[in-house]
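> the following comprises the amino acid sequence and a computationally predicted model.
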Amino acid sequence: MSLTFEEMAIAFRKCNGDANLSFKEHLKTLYKSKEDYETGFVISGVNNYILTDIEKLLSKAILNICSADYLIRKGYFSWGFVTSYYANFFLIQGLNRTQLNFTTWVDRSVNCLFKNYQEGTIEIKAIDRSTDEHQRQFQRFFENFKSLRNQTGIDRYWNIGICPFELGNEPEIRNKINYEISKDSFYELDLSCEDFDKIIKDNSYCPFTYSREQSKILNHSRKNLKLAICRLRMLTYILNILAIRNLEYQSYYQRNMRKRLKAIQERYMDVSDWINILFQSWLIFDPELVDKDEIEPR
């Protein structure tokens with residue numbers, strides 16, 4: 001069962017997202033045995049470590065968005081996709097943590113699921129079957145947020161970000177580009193100058209206001225960057241709700257967002273204008289956002 005915004009706010013009350021350890025590092029300090037993980041155990045008082053994880057994952061995603069934007073505008077389309085993929089990967093990890101329903105790795109893949117979000121208890125248990133960890137993270141994301149699809153009161157970016165990638169399975173495309181010998185990966189040197197220039201032109205436009213692709217060559221990277229931007233909106237939207245509900249986190253949230261915006265303005269001045277405009281709109285504290293939230297607690 002997914003948590004509503006109000007339930008997430010309750011779960012993260014008294015948290016500031018400024019813990020000294022990550023959640024994974026905290027688990028290691030518990031010195032649990034292999035048998036403990038296989039049997040499963042319950043812990044409490046750890047949500048601030050999880051919120052700290054989310055803050056770090058947000059910063060990692062922003063940097064990868066800036067990197068992907070630069071790469072695809074400069075003609076590195078294949079690596080641009082891989083970079084935008086990791087922006088998405090970090091964002092879905094953060095989003096899964098807001099639901100207190102996520103996986104992590106402590107010498108093995110570990111399932112972390114809230115037992116009682118009001119009391120702050122989380123059940124930890126090793127995952128038996130061995131499958132691709134990236135696939136597992138994405139599947140968990142789609143399960144966690146399917147109840148919020150087409151929900152009124154949330155802006156249009158949600159309806160894009162909450163869905164799978166329109167051009168295929170994201171981890172599989174990443175694996176194909178990175179690890180397989182395929183004519184579809186690292187194809188930039190095979191393009192004619194005309195096709196190369198058309199893709200460069202496509203990648204300079206905002207994908208939310210310019211939908212007609214000038215090039216007939218498949219352009220995964222631009223569409224995947226669009227998806228990452230939408231998932232960035234999802235995560236910042238949720239964190240803003242938490243900041244509205246939690247005065248202690250609110251001051252840290254505002255401080256962290258100011259630092260991010262200042263760093264972007266000073267170090268990544270060449271990020272596309274359309275991305276910079278969205279950063280300016282979303283990497284802030286919006287006290288009125290809660291008035292637009294029509295999702296009621298269960």
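Great, that's in hand.
> quick one, helices of the stretch 151-298 of the chain?
Applying DSSP state H, counting those that start in this stretch to the stretch 151-298 of the chain gives helices spanning 157-161, 170-179, 193-202, 220-245, 247-267, 273-282.
> need those in CSV (columns: distance to Ser147).
Using the backbone N, CA and C atoms, a C-beta is placed for each residue, glycine as well. CSV is the format used below for the helices of the stretch 151-298 of the chain (distance: least, CB to CB, whole Å):
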stretch, distance to Ser147
helix 157-161, 12
helix 170-179, 21
helix 193-202, 35
helix 220-245, 14
helix 247-267, 24
helix 273-282, 23
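> Lys28: neighbour count?
Burial measure for Lys28: 12 neighbouring residues, criterion other CB atoms under 10 Å.
> what's across from Thr105 in the sheet?
If you look again at residue 105, you'll see it is Trp, not Thr. Following DSSP bridges, Trp105 is listed with bridge partners Ser109.
> thinking it is in contact with His134, fair?
No - checked against CB atoms under 8 Å, the pair Trp105 and His134 is beyond contact range at 11.5 Å.
> which one's more surrounded, these two?
Neighbours per residue (other CB under 10 Å) separate Trp105 from His134, with His134 holding more: 18 against 11.
> just the C-alphas of the helix or strand containing that one, formatted as PDB.
Using DSSP states H and E, the element containing His134 is helix 133-145. Output of helix 133-145 as PDB, limited to C-alpha atoms (Å, rounded to 0.1, in the frame of the first residue of the first chain):
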ATOM      1  CA  GLU A 133      19.100  -4.600  -8.900                       C
ATOM      2  CA  HIS A 134      18.300  -1.700 -11.300                       C
ATOM      3  CA  GLN A 135      15.300  -3.500 -12.700                       C
ATOM      4  CA  ARG A 136      14.100  -4.100  -9.100                       C
ATOM      5  CA  GLN A 137      14.400  -0.400  -8.200                       C
ATOM      6  CA  PHE A 138      12.400   0.700 -11.200                       C
ATOM      7  CA  GLN A 139       9.700  -2.000 -10.700                       C
ATOM      8  CA  ARG A 140       9.400  -0.900  -7.000                       C
ATOM      9  CA  PHE A 141       8.900   2.700  -8.200                       C
ATOM     10  CA  PHE A 142       6.100   1.800 -10.600                       C
ATOM     11  CA  GLU A 143       4.400  -0.100  -7.800                       C
ATOM     12  CA  ASN A 144       4.800   2.600  -5.200                       C
ATOM     13  CA  PHE A 145       3.300   5.400  -7.300                       C
END
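> low-confidence ranges in the stretch 1-150 of the chain?
Along the stretch 1-150 of the chain, segments meeting pLDDT under 70 span 130-131, 150.
> all strands for it, in order.
Listed in chain order, the strands of the stretch 1-150 of the chain (DSSP state E, counting those that start in this stretch) span 41-44, 101-105, 109-116, 121-126.
> name the helices or strands packed onto the longest helix seen in the chain?
Determined from DSSP state H, the single longest helix within the chain is helix 47-74. Secondary-structure packing of helix 47-74 (3 or more CB pairs under 8 Å, 6 or more residues apart in numbering; DSSP states H and E): helix 23-29, helix 77-98, helix 220-245, helix 247-267, helix 273-282.
> tell me the most buried of those helices?
Stretch with highest mean neighbour count among those: helix 77-98 (a mean of 25; mean count of other CB atoms under 10 Å).
> hey, C-alpha coordinates of it in CSV?
C-alpha atoms of helix 77-98 as CSV (Å, rounded to 0.1, in the frame of the first residue of the first chain):
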residue,chain,number,x,y,z
PHE,A,77,24.1,11.1,-27.7
SER,A,78,24.9,7.6,-26.4
TRP,A,79,26.7,8.6,-23.3
GLY,A,80,24.1,11.4,-22.9
PHE,A,81,21.4,8.7,-22.5
VAL,A,82,23.5,6.7,-20.0
THR,A,83,23.9,9.9,-18.0
SER,A,84,20.2,10.8,-18.1
TYR,A,85,19.5,7.2,-17.2
TYR,A,86,21.4,7.7,-14.0
ALA,A,87,19.6,10.9,-13.2
ASN,A,88,16.4,8.8,-13.5
PHE,A,89,17.9,6.0,-11.4
PHE,A,90,18.9,8.3,-8.6
LEU,A,91,15.5,10.0,-8.6
ILE,A,92,13.5,6.8,-8.4
GLN,A,93,15.7,5.6,-5.5
GLY,A,94,14.8,8.9,-3.8
LEU,A,95,11.1,8.6,-4.6
ASN,A,96,11.0,5.0,-3.3
ARG,A,97,12.5,6.2,-0.1
THR,A,98,9.8,8.8,0.4
